[in-house]
Structures are given as C-alpha cells and as structure tokens.
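*Asks:* need a structure here:
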Amino acid sequence: MNKLYNLLTRWTWGRWLAFALLAGLLTFGVGACQKAAPKDPHDHEAASTYFTCPMHPQIMRDQPGKCPICSMDLMKATKQVAAAKPAPAVAPAAALTHYTCPMHPQISREQPGKCPICGMDLVKATKVAPAAKTSTGTAAPAPEVMLSVQQRQLANIRVAALGSGPGGAGSAVGSTVLTGTITANANQTRTVSSRVAGRVERLFVRQTGESIRAGAPLVSIYSEQLQAQQQEYLLSLAQQRAGSAGGNQYGRLVSSARQRLRLLGMTEGQLRTLAALGRPMASLTFYSPQAGLVQAVGVTEGQYVGEGAMLVSLTNLSSVWVEAQLYPEEVSGIEMGQSVQVQVAGLPDTPSGRVVFLSPALQANSKVTLLRVQLANAAGRLQPGMQANVRLPNRATTAQALTLPQDAVLRDSRGSYVWQQVDAAGRFRRLKVSTGTETDESVAITGGVEAGAQVVVSGAYLLESEYALYQGTDPMAGMDMKKPASAPKAPAMAPNMKM
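*Replies:* Numbering: from 1, shown residues only. Okay, here's the model as predicted:
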C-alpha cells in the first residue's frame, strides 16, 4: 500500500507540474505579443540611393555603370519615398508651387536651381492639383490651372460667355464659307476672228493683260480674196457713176458688193476710204469692238491664218464672276439672285455679290457642284485668278447649337476640350465637350459645357501647354528600350531626384 500511495503521489505531482509549465508558457506568449506589435511600414519615410543617367532619368540601377541608351556614366542620386496615407473621402484641390524646366517638364524641384539635363534655370510654376477619386469610385473633378494676372496678359487670354450672340464666345447663327476663284465674266468677253484667209501683216497687240479702248486697231491681214471683193466693188461703183443705161441695176450691184465687204469686216470708214482712193487697199485692219483687257493673242506677225481663226480675245472687267464649289447637301439653302458676302484676299472690304448660276449637275469625277456669283468691279481691283471666299448664311433651325471659334476647341486622341474660367483669381478648368457641325471658323458645341459659361476664346493653346507642363509627361514614353534582366523596373520619372 505504501508503494502504491507513493506511486500515485508522484504521478499527481508530475501532472500538476506539467499543467503549471504549460500555463506559464501561454502567459509569456500573450505578454510578448502585446509588447511586440507588428511594425507599420508606413510609419516613416525611407530614403533610397540609386544610380541614374542625367539624360535619361528613367534609367535606375543599384550599382554604378553605363547608361544602356547613351553610354554616359550613371550618377548617384537619392530619392525620398513618401509614406502612403489613406485618402480621405474627397480630396480637396490644392494650389502647389514648384520649379520645373521649360524644356524638360519631368524635372520638378521644391527650390530654384539648374536643370540637371540641359542646365537651364528652373522656372516657378503654380498648379491646382486635381482632387482624388472619392471612396465610392466617382470621377475626380476636372483638372485646373492657375495663372497670375501678368501671365494672363502675356498669354493674351480672352474670355467670353458661351452663347452670348454677336461679339461673344458663340451664337446660334453661323455661315458656311466656300473657297472660290475670281474669273472673267463670259457675258463681257469678245473674240475677234479672221473673216478671210490671209497673212498677218501687222500685229498691234502683242501681250495679254494690255488695256485697250473701243475702236483700237488689233491686226492687219493681207488677203487675195479681200482684194478681189474690193476690185468688184470699185468696178460696180465706177459703172454706176458713168450713168450708163441700166443705172438701177448697177446700183443693186454696188449695194451687194458693199454688203459683202462689210461682212468680211470692213467698217463704214474703210468703205469710204476705199471709194475715195479708187483702188483696193493692200491689207485689212481689224479693230476692237469694245474696251477691255487683252485676254489672249492667237497669232504672230507673218503667220498665215485661215478663215475663222482666233486673232485676239478681249474681256471687260467692269463685272467679274466668283466660281466656288459646294456639296449637294448645301445647295438646298441657296436661291438664284440671292445676295451673298464675298471676301477677297488682300482687300479690306467685303463686297456683296449676286448668285447668277447654280449647276444642276455634279462636276465630272467629283462630288461637288459649281456656284457662280457676280460682282461689280468698277474700280478694277478684282482680277481673274484671285482667291476669294463666299459666305453663305446658314438657315435658322428650331434647335440651334452654341458655337465657339475654332481656336477655342482643342483636340487630342481622347476627344475635344475647352478651357473655362472658374473665378477672377485666375483659375481655369479643362472640360471635355462634344462637338457638332464645323466650319473653317466655328465649331458647334452640343454638350459638356453650359450656356453662359466663361470660355477661353483666345490663348487656349497656351493654357493647354501650361497644363502639359504641370503634368510633367515622360519624354521617352512610348519608346521600346531593352533593359538588362538584372535591372530593376524603372519608374516613368524621378520627380524629386537630387543630383
């Protein structure tokens, strides 16, 4: 019994000792876990040192060496890795001031200095950082840019209210502009042709563009046919003067011969001269039937010409035509006799013309038709060959779209944009808009901005450049460069790199 009691006693004490040891280990583990909490990797900012190329900041290496692009020695740099903070529900926009290089916008510094790439002085820039997305995933507000009064004056930025009518940023009434060319009025163009076959004895007009008066001599032609007709006329005239029997019959012969000479181009003065001389004239001179400009000369001195050959072409430029091309869908808004405005390159005024012709068929091998406008040209300033623009007023529609000048709408691969002035302090917001019908001067805005908004109509390109400068885009983006397998993945740029 004593042995059994001793055995049970030792087994009980061993059991209690094991339970005590296990409880102590559990107590120690819980205390250690409470004292040694895991470290938060975002509790501090870490500084990392790397090696980069001055000309290609996207190259980053752990060890010194050569740039794989330009073979320059890599330089040591230190980058501050900022701790990530949990974003608020909505991040408000904040004005940020930094220093950047005009030639390398990826360089951004907190203090003024030199550009590490080209050595230019860094310039001060101010931007309004766009707010981050909300926690629910809604889109962030439109990006904004802030400019001082001096910057706005230097950039010649002008703002007008959208849809304010004449003089404003846009209106509901527009016009279609057609490109045309001034041509001679065919109704005032005359061609002088040879009525007999012969040789050109003398040419009084030798160059095109020469101004001549009505009745001025043009060409003298010697013709045997004309000599025979003159001789017949003189013979009939002599018999009539002789007063022989059958005077009435010779009178009819004189009238017939006189009419034939008149049809061959002889004037009444030339016929009187022929009767006074009593012998045929050696050559016949053709005179200008009207005043105008020489448009073409078809012969030279000594040349033999046939009957009907063109000698000289004349045109009167007291009125001219403007011929323009337009598409079939634009024809419906044009009427014959309609008054339109014509703007001629190099002339300050805008004369009014009248539509005199609208072709009912399309031109060969094209999808356009011809419009002809007649213009008065009493001063002679309009000359054939000059370029002109014909303005056709658009017909009013029930739902009229707001319009902006072409310079106010900017485009890229993602769409069309305009800049809106937010307040008088110089804040401008970039808005994406949808566009409609366009002309060479205006663009219809169908959505994205409300009527009455203050829209930039001059200087929008400079605002876009300022926005691109703030963004700091990577100049090497899009290039396919092979990097060594051991190299770490380089970021697009190192904005806080310190050389």
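*Asks:* continuing past the helix or strand bottoming out on mean pLDDT in the chain, what's the next helix or strand?
*Replies:* Ranked by mean pLDDT, DSSP states H and E, the weakest helix or strand in the chain is helix 2-35, scoring a mean of 55. Sequence-wise, the next helix or strand downstream of helix 2-35 (DSSP states H and E) is strand 46-52.
*Asks:* for the protein, give me the ranges with low pLDDT.
*Replies:* When residues are selected by pLDDT under 70, those of the chain lie in 1-47, 79-96, 126-142, 163-175, 243-248, 364, 394-401, 440, 470-499.
*Asks:* helices along the stretch 251-400 of the chain, start to end?
*Replies:* Under the criterion DSSP state H, counting those that start in this stretch, helices of the stretch 251-400 of the chain are mapped to 268-277.
*Asks:* what about residue 234, which helix or strand?
*Replies:* Assessed by DSSP H and E, residue 234 sits inside helix 224-242.
*Asks:* and for stretch 369-383, what are the contacting residues?
*Replies:* With CB atoms under 8 Å, 6 or more residues apart in numbering as the contact definition, stretch 369-383 has outside contacts at 178, 180, 182, 185, 317-328, 331, 334, 340, 342, 344, 347, 351, 353-363, 390. Just so you know, the C-beta spots here come from the backbone N, C-alpha and C atoms, and that holds for glycine as well.
*Asks:* end to end, how far does it reach?
*Replies:* Stretch 369-383 has an end-to-end distance of 23 Å (criterion: CA to CA, to the nearest Å).
*Asks:* I'd say residue 289 and residue 190 touch.
*Replies:* Yes. The pair residue 289 / residue 190 is scored as a contact, 5.5 Å apart, by CB atoms under 8 Å.
*Asks:* find residues that contact each of the two.
*Replies:* Residues touching both residue 289 and residue 190 by CB under 8 Å, 6+ apart: residue 314.
*Asks:* and the contacts of stretch 369-383, which are buried?
*Replies:* Taking 16 or more other CB atoms under 10 Å as the criterion, what is buried in these is 178, 180, 182, 185, 317, 319-326, 340, 342, 344, 351, 353, 355, 390.
*Asks:* looking at the residues you listed, which are in strands?
*Replies:* Among the buried ones among the contacts of stretch 369-383, DSSP state E puts 178, 180, 182, 319-326, 340, 342, 344, 353, 355, 390 in strands.
*Asks:* and residue 192, bridged to which residues?
*Replies:* residue 312 (DSSP bridges).
*Asks:* brain fart, residue 372
*Replies:* For residue 372, the beta-bridge partners under DSSP bridges are residue 323, residue 357.
*Asks:* re the thing from before, show me what the helix holding residue 234 packs onto, helices and strands only.
*Replies:* Secondary-structure packing of helix 224-242 (3 or more CB pairs under 8 Å, 6 or more residues apart in numbering; DSSP states H and E): strand 198-203, helix 247-263, helix 268-277.
*Asks:* okay, the angle between it and strand 198-203?
*Replies:* Counting by axes from the mean of the first three to the mean of the last three CA atoms, to 10 degrees, helix 224-242 lies at 90 degrees to strand 198-203.
*Asks:* in helix 224-242, what counts as buried?
*Replies:* The neighbour-count check on helix 224-242 (16+ other CB under 10 Å) flags 226, 227, 229, 230, 232, 233, 234, 236, 237, 239, 240 as buried.
*Asks:* now render the residues you listed as CSV, adding distance to residue 458.
*Replies:* Output for the buried residues of helix 224-242, formatted as CSV (distance: CB to CB, whole Å):
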residue, distance to residue 458
226, 71
227, 76
229, 75
230, 76
232, 81
233, 78
234, 81
236, 83
237, 82
239, 89
240, 86
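*Asks:* ok, and what's touching stretch 280-290?
*Replies:* By CB under 8 Å, 6+ apart, the surrounding residues in contact with stretch 280-290 are 188, 190, 192, 194, 196, 198, 201-202, 212-223, 226-227, 230-231, 234, 264-267, 270, 273-274, 311-312, 314, 316.
*Asks:* of the residues you listed, buried ones?
*Replies:* With burial judged by 16+ other CB under 10 Å, the buried subset of the contacts of stretch 280-290 is 188, 192, 194, 196, 198, 201, 212, 218-223, 226-227, 230, 234, 264-266, 270, 274, 311-312, 314, 316.
*Asks:* ok, now how distant is residue 409 from residue 240?
*Replies:* 86 Å (CB to CB, to the nearest Å).
*Asks:* how far out from the middle of the chain is stretch 52-66?
*Replies:* In terms of CA atoms, centre = their mean, to the nearest Å, the gap separating the centre of stretch 52-66 from the centre of its chain is 42 Å.
*Asks:* start and end of it, how far apart?
*Replies:* For stretch 52-66, the first-to-last residue distance is 9 Å (CA to CA).
*Asks:* re earlier: ok, and what's touching the helix holding residue 234?
*Replies:* Defining contact as CB under 8 Å, 6+ apart, one finds that helix 224-242 is touched by 196-198, 247, 250-251, 253-254, 256-258, 260-261, 264, 274-275, 278-281, 284.
*Asks:* go with 6 Å
*Replies:* Helix 224-242 has contacts (CB atoms under 6 Å, 6 or more residues apart in numbering) with 196, 250, 251, 253, 254, 257, 260, 261, 280, 284.
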